[in-house]
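[1] Here is my input; please provide its structure:
(one chain, ligands or ions: 1)
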Amino acid sequence: MEPSSEKKVTLPKLVSLSKRRGFVFPASEIYGGIGSTWDYGPLGVELKRNIKDAWWRSVVTQRDDVVGLDSAIIQSPRVWEASGHAEVFTDPLVECPECRKRFRADHLEDQLRCPDDGSTLGDPRQFNLMFKTFSGPVEDSANQVWLRPETAQGIFINFENVLNSTRMKLPFGIAQIGKSFRNEITTGNFIFRTREFEQAEMEFFVKPGQDEEWFNYWINQRMDWFIKLGIDSSHLRIRKHEDAELSHYSRGTSDIEFDFPWGVGELEGIARRSDFDLASHSQSSGTKLEYFDQDTGTSYYPWVIEPALGVDRAALAFMSDAYTEENTEKDQRVLFKFHPDIAPVQIAVLPLSRNEKLVPTARGVFNEIRSVFPAQYDDAQSIGRRYRRQDEIGTPLCITIDFETVESDKAVTIRNRDTMQQSRTLIKDLIPEIKDHLSSMGSTRC
Ligand code: ATP
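    Residues are numbered from 1 along each chain as shown. Here you go, the predicted model:
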């Protein structure tokens, strides 16, 4: 009988499963925490790494027209002056005169009243979101620097370096993944809005005027990426920004939004930045960040399309979409139905028991498997409990070694996470068999 499955994902369930199984822990927990800051545990770090690898493969390594970069978090303060962030990277902050709590005005339903005690709020003031610090031992204004609030500027200021060191021709892109910092007025919803987060961004440079078609192209590419990695397309939507909410650099932005456990929120922004950044940095630095077009013999600033993904929000979206509670004939099981290419563990190797007859064979099988797939060896507790544990962390396949394996048939059992069906395979055929199983679950890596 097919198990009946019912999704009842809530944020508290995700937070508690994440902590229990080692996906995400509250940061500085032993000191009482530090507001909405999180650490990724042993499984969370693998999940996040797999998401970044899948993004990098799709945006950089599987394409001819995009190259990668890894720029510094701290750059010259002049970068942020030229980019406009020093002046206008702000959110409207309001304060309650009674309880002294601060809120982001545009996130309040009633912008005049305190949501906690109903008092009349003060007038909004623009609050700059960039974190300030000092470079070197002297804490004066000459040494003040900012932590980057987006990775994009590191790409623009290296435009000439990349052009000179590669043979890239328009249209082409430069991509990078890295930490960004925003001193958000309010944080929350687990890893959705934090002050330190990771972004995967790509600046795609095109001939002026060709931005519309590339904008649509990248929206479609990015939507496909989420869907291929298992996100239910009915949980995604594209929302075009109103003129009033456009960022200072944008000629048009569309967000890919996702149905998070508490409601719809932004997962990725795709912006048309025109030549705003290259032109501003050229003017400010005196280095002309232009492209020489050999076909026309002219130089110009390319225009830019930018898909900007929050890696932490992606992790949250993948977790919340994969979370499943299922009623089986015997009991209820909780599982993460992760796509095999992002599952933290792809294969679990489980000897039926710790019996010394089984261990050498099980270890041998494990060593062979771990050289090809992210794998885990688990021999604690009953086999049923181990299957449940692997379901809960989203492991697509379990390989079980039993007495028949060592005493007669030299075969093992492969169990599928989603169907719970089991099949027997000879150890000598195991690697190609596993590849077939993973492919049938959607993997494009085998
Ligand atoms: P929001 O409107 O939610 O504040 P944004 O429009 O300012 O986000 P962008 O500047 O477009 O965000 O950044 C690109 C992506 O970076 C976002 O789609 C989001 O996934 C991620 N991101 C931005 N701010 C945060 C944050 N404080 N915490 C986690 N991820 C973030």
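[2] how about the helix or strand containing Phe25, does it reach the ligand?
    Element membership for Phe25 (DSSP states H and E) is strand 24-26. No: among the residues of strand 24-26, none lie within reach of the ligand under CB under 6 Å from any ligand atom; the closest is 13.0 Å away. To be clear about C-beta, it is placed using only N, CA and C from the backbone, and glycine gets the same treatment.
[3] Just checking: what are the partner strands of that strand?
    strand 38-40 (antiparallel) (DSSP bridges).
[4] number of nearby residues for the residue of the chain found nearest the ligand?
    With CB to the nearest ligand atom as the measure, Gly310 is the residue of the chain nearest to the ligand, at 2.2 Å. By other CB atoms under 10 Å, the residues close to Gly310 number 23.
[5] Equivalent analysis for Val59, please.
    Neighbour tally, Val59, other CB under 10 Å: 24.
[6] The one 10 residues further on now?
    Neighbours of Leu69 under the rule other CB under 10 Å: 19.
[7] Low-confidence bits of the stretch 251-400 of the chain, can you list those?
    The model of the stretch 251-400 of the chain has no residue with pLDDT under 70.
[8] for it, what spans make up the helices?
    For the stretch 251-400 of the chain, the helices defined by DSSP state H, counting those that start in this stretch occupy 276-285, 311-322, 359-370, 383-393.
[9] what does the stretch 1-150 of the chain give?
    Under the criterion DSSP H, counting those that start in this stretch, the stretch 1-150 of the chain contains helices at 11-21, 42-56, 77-82, 85-88.
[10] mind checking which of the ones you listed is nearest Phe276?
    helix 77-82 (10.3 Å; CB to CB).
[11] So what touches the closest one?
    Under the contact criterion CB atoms under 8 Å, 6 or more residues apart in numbering, helix 77-82 has outside partners 86-87, 89, 130, 144-146, 153, 157, 280-281, 283-285.
[12] 7 Å instead, please
    Residues from elsewhere that reach helix 77-82 (CB atoms under 7 Å, 6 or more residues apart in numbering): 86, 130, 144-146, 153, 157, 280-281, 284.
[13] ChimeraX command for the buried members of those?
    Burial among those is assessed by 16 or more other CB atoms under 10 Å; the matching ChimeraX selection reads:
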select :130,145,146,153,157,280,281
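[14] Let me see the ranges of the strands in the stretch 151-300 of the chain.
    With DSSP state E, counting those that start in this stretch, the ranges of strands along the stretch 151-300 of the chain come out as 172-181, 196-206, 236-240, 253-260, 263-274, 291-293, 298-300.
[15] could you redo those as TSV and give each row mean neighbour count and distance to the ligand?
    Shown next, in TSV, are the strands of the stretch 151-300 of the chain (neighbours: other CB atoms under 10 Å; distance: least, CB to the nearest ligand atom, whole Å):
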stretch	mean neighbour count	distance to the ligand
strand 172-181	21	7
strand 196-206	23	4
strand 236-240	14	11
strand 253-260	20	7
strand 263-274	20	3
strand 291-293	15	25
strand 298-300	12	26
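[16] how about the ones you listed, which one is nearest Arg354?
    Across the strands of the stretch 151-300 of the chain, closest to Arg354 is strand 196-206 (CB to CB), at 39.5 Å.
[17] and Thr395, how many neighbours?
    27.
[18] scratch that, Met319
    Met319, neighbours per other CB under 10 Å, totals 24.
[19] What is the nearest of the contacts of helix 77-82 to Ser423?
    Gln153 (52.3 Å).
[20] Mind pulling up the pLDDT for that closest one?
    pLDDT recorded at Gln153 is 98.
[21] quick one: buried residues of stretch 206-217?
    206-207, 211, 214-215.
[22] Could you dump the residues you listed into CSV and include pLDDT?
    Putting the buried residues of stretch 206-217 into CSV (pLDDT from 0 to 100) gives the following:
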residue, pLDDT
Val206, 98
Lys207, 97
Asp211, 93
Trp214, 97
Phe215, 97
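[23] Take the residues you listed and keep only those in helices.
    Judged by DSSP state H, helices contain the following of the buried residues of stretch 206-217: 211, 214-215.
[24] Give me the buried stretch members for stretch 20-28, please.
    So for stretch 20-28, counting by 16+ other CB under 10 Å, buried means 21-24, 26-27.
[25] Can you tell me which of those residues is nearest Asn183?
    Checking those one by one against Asn183 (CB to CB), the nearest turns out to be Ala27, at 16.0 Å.
[26] Quick check: that closest one vs Pro149, distance?
    Ala27 is 20 Å from Pro149, where distance means CB to CB, to the nearest Å.
[27] picking that back up, what's the strand holding Phe25 in contact with?
    Outside strand 24-26, the residues touching it (CB under 7 Å, 6+ apart) are 18-19, 33, 38-41, 44, 191.
[28] can you list the residues of the stretch 301-446 of the chain near the ligand?
    Within the stretch 301-446 of the chain, the positions lying close to the ligand (CB under 6 Å from any ligand atom) are 308-310, 312-313.
[29] May I ask which two of these are separated the most?
    By the measure CB to CB, Ala308 and Asp312 form the most distant pair in those, at 13.0 Å.
[30] Okay, now the unreliable bits of the stretch 1-150 of the chain?
    Checking the stretch 1-150 of the chain against pLDDT under 70 turns up 1-7.
[31] one more time with 80, if that's ok
    Scanning the stretch 1-150 of the chain for pLDDT under 80 picks out 1-8.
[32] re earlier: would you turn the contacts of strand 24-26 into CSV with neighbour count?
    What follows is these, written out as CSV (neighbours: other CB atoms under 10 Å):
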residue, neighbour count
Ser18, 24
Lys19, 15
Gly33, 13
Trp38, 23
Asp39, 12
Tyr40, 21
Gly41, 18
Gly44, 22
Ile191, 27
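[33] Farthest pair within those?
    Across the contacts of strand 24-26 (CB to CB), the longest gap, 16.8 Å, separates Gly33 and Gly44.
[34] if we can go back for a sec, would you list the strands of the stretch 151-300 of the chain in a markdown table and tack on distance to Glu356?
    As requested, these are exported to a markdown table (distance: least, CB to CB, whole Å):
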| stretch | distance to Glu356 |
| --- | --- |
| strand 172-181 | 46 |
| strand 196-206 | 45 |
| strand 236-240 | 51 |
| strand 253-260 | 49 |
| strand 263-274 | 50 |
| strand 291-293 | 68 |
| strand 298-300 | 73 |
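[35] Which one of these lies nearest to Asn161?
    strand 172-181 (9.9 Å).
[36] All set, thanks.
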